[in-house]
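Participant: Predicted model and sequence below, questions to follow.
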Amino acid sequence: MRKIHFKISFLLLALSLVFAGLVLAGQTAPQNQPPAAQPNANAAAPNNANTAAPNTAMNQIIDKIIGRETALGKKMQGMHPIVETYLQNLDKDDQLTFRPKSDAYFLGKFDYKAEGRQHSMLNGEGIKDSIFGKISQLYSIKYIPSGFLQMLVVSGPLDRKDYDFEFVRREFLGEVRTLAFDVKPKKGGSGRFIGRIWAEDQDYNIVRFNGTYGPSTTTKVYFHFDSWREYMGNGEWLPAYVYTEESDVGYLLGTRKLRFKGQTRLWGYNVGTSSAQNELTALIVDSDQVKDNIDEADGISPVRALRSWERDAENNIIQRLEKAGLVAPDGEVNKVLETVSTNLEVTNNLSIDPPIRARVLLTSPLESFTIGHTIVLSRGLVDVLPDEASLAMIIAHELAHITLGHRIDTKYSFNDRMLFEDPEAFRRIQLKRDPNEEMAADKKAAELLRNSPYKDKLGNAGLFLKAVDQRAGQLDRLLVSHVGNAMVKGAEVKRMAELKQVAPPLDMTKLDQIAALPLGGRIRVDPWTAKIELLKAKPVALLSPREKMPFEVTPVNLYLTRQLVGQQQQPATTATTAPAQKQQP
């Protein structure tokens, strides 16, 4: 079989065709980080005496930018954030311009020394998926996570010996004033960055770079990307988001066009590394006279002992997932979810002990589950829910599990089961329910909703389920479940399916019908701490059905600031916000 290897900059692109016997395989990121650039003070001599001073000053700025970027490349070798990449392949649509036709998803722990620069955190595919995947690859594209390091740090190396820099303008990106430069490699270079960089004007860190690597040839294909960084304190700006998009990349000798868009997120740079150590150094020894305020009779109650044992399992799982950077620390978003749960409890006269808690799983795929008495929703699910009634539907299903006494597996009460490496988290912790428990929870949730403040708005919740149905056949990776039960089976929503019967017809052309939101429109994740907060961007009136973008990846447009989370006056936002016709939950 004849093989031709194609190099790409963002992800490995492999296309297998039986009838042609052709394989396209991408090349991973460079095996070695570029060495530190040595500034060359004489590389850009002024053309005349009148421009000597400005050129000297500009050369000094460029040298500082090069030095900071080189230092960042070395620093990233010791960093281990979580890296999540989600891509959607697109097809033309008469009404929506493009619509997703398939997707791909990758999640890993960044490790510069590892193969592919990361350790995968996903469960392995089964035999059925493996066989189907090999068959589907005969006629479709398969993405493999590799080469993304080129999207995080400008590789090359970046220096004035190999690149030409042209100052464009001063420009504000949010609150941060930047200097924009167009950058292109000198003649004879290959596989080098070409595009624009934005450097903040205090320490001259690159905070955004936009372009591609190239030039592309018949044997090398480079994708375009827009890479953003966020402020982490102490003058440091680290990679946070990368958006990539192509609309007309030809392959198979130009007979087909590759159209896709994708987003890479990084978070948890400082998660699980210092909190326990800081707590130990701040330890205060209490007096021997201090006693727990617990009645002795309560302490020996068999029922309380059982609840305490189950709570141990619950706490162990939550703490381990939080340490791995997969669950966000407790915060304001959790309080919103708990408020909706409280509304359901109060209107149904429920008294639950221990009390209900809520947490957010930081990944994009849409899922919800319970860990004991803790209700967990994924960030992606919270992002796409259009209103509070839809959120209440999801929470009601999980609350039903708790009220029906569906228990957590107390094997997780033994602490040795939590002693594993972070990439193994989703393989070690599985909380899937029995199908009979799922059916019972649906029935109970319907009862809870009928007695709730949301009873007159359940048509909106059913409309959301219809929107999931419409995309389920194309976005199966977005609907996969890491920990609990998937809401879709056989390309159709099975959870709370009866609500679809009370929903109005789904019409993608109606501007006032918002069945689901794009990804990234509700929650902002702090890349350093993994803390989350609700976005407070103003609603935007839609101009056309194309802007509805249910469940879709969108471009990134951050509001950069040097203020840290909790101090921000205006949080970072993506290009897409909740439509004006709907209110955020």
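Facilitator: That came through, no problem.
Participant: tell me what the lengthiest helix in the chain is packed against?
Facilitator: Across the chain, the helix with the greatest residue count (assigned by DSSP state H) is helix 52-76. Packing contacts for helix 52-76, counted by 3 or more Cβ pairs under 8 Å, 6 or more residues apart in numbering; DSSP states H and E, involve strand 176-185, strand 192-200, strand 206-214, strand 236-251. Heads up, the C-betas are built off the backbone N, CA and C, glycines and all.
Participant: what pairs with the following helix or strand past the last one, and is each one parallel or antiparallel?
Facilitator: Using DSSP states H and E, the helix or strand that directly follows strand 236-251 along the chain is strand 256-267. Sheet neighbours of strand 256-267, with direction, are listed as strand 82-93 (antiparallel), strand 236-251 (antiparallel) (DSSP bridges).
Participant: Run the chain-centre distance for strand 256-267.
Facilitator: 12 Å (Cα atoms, centre = their mean, to the nearest Å).
Participant: Stretch 318-331 now?
Facilitator: 15 Å.
Participant: avg pLDDT for it?
Facilitator: On average, the pLDDT along stretch 318-331 is 96.
Participant: any chance you could read off phi and psi for A396?
Facilitator: phi -60, psi -40 (degrees, to the nearest 10).
Participant: Same question for the one 5 residues further on.
Facilitator: For H401, the backbone dihedrals (degrees, to the nearest 10) come out as phi -60, psi -40.
Participant: Pretty sure it sits against G372.
Facilitator: No - assessed by Cβ atoms under 8 Å, H401 is found out of contact with G372, at 10.1 Å.
Participant: ok, back up a step: now the helices and strands packed on helix 52-76 as TSV including mean neighbour count and distance to N348?
Facilitator: Output for the helices and strands packed on helix 52-76, formatted as TSV (neighbours: other Cβ atoms under 10 Å; distance: least, Cβ to Cβ, whole Å):
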stretch	mean neighbour count	distance to N348
strand 176-185	19	49
strand 192-200	21	52
strand 206-214	21	49
strand 236-251	19	41
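Participant: gap between the two ends of stretch 213-227?
Facilitator: The straight-line separation of the ends of stretch 213-227 (Cα to Cα, to the nearest Å) is 13 Å.
Participant: Begin at 54, not 1, for the rest of this chat.
Facilitator: With 54 as the first residue, the last one maps to stretch 266-280.
Participant: how far out from the middle of the chain is it?
Facilitator: Its chain's C-alpha centre lies 24 Å from the corresponding centre of stretch 266-280 when counted by Cα atoms, centre = their mean.
Participant: Next: stretch 531-541.
Facilitator: With Cα atoms, centre = their mean, you get 16 Å for stretch 531-541.
Participant: just the strands in the stretch 354-503 of the chain please.
Facilitator: 410-414, 421-424, 427-431 (DSSP state E, counting those that start in this stretch).
Participant: List of residues touching the shortest one?
Facilitator: With contacts defined as Cβ atoms under 8 Å, 6 or more residues apart in numbering, strand 421-424 is touched by 367, 370-371, 412, 428-431, 434, 447-448, 450-451, 454-455, 459, 461, 484, 486, 534, 536-538, 540.
Participant: and what of the first one?
Facilitator: Identification of contacts with strand 410-414 by Cβ under 8 Å, 6+ apart yields 371, 374, 379-381, 383, 386-388, 390-391, 394, 420, 424, 426-432, 435, 448, 535-536, 576, 585.
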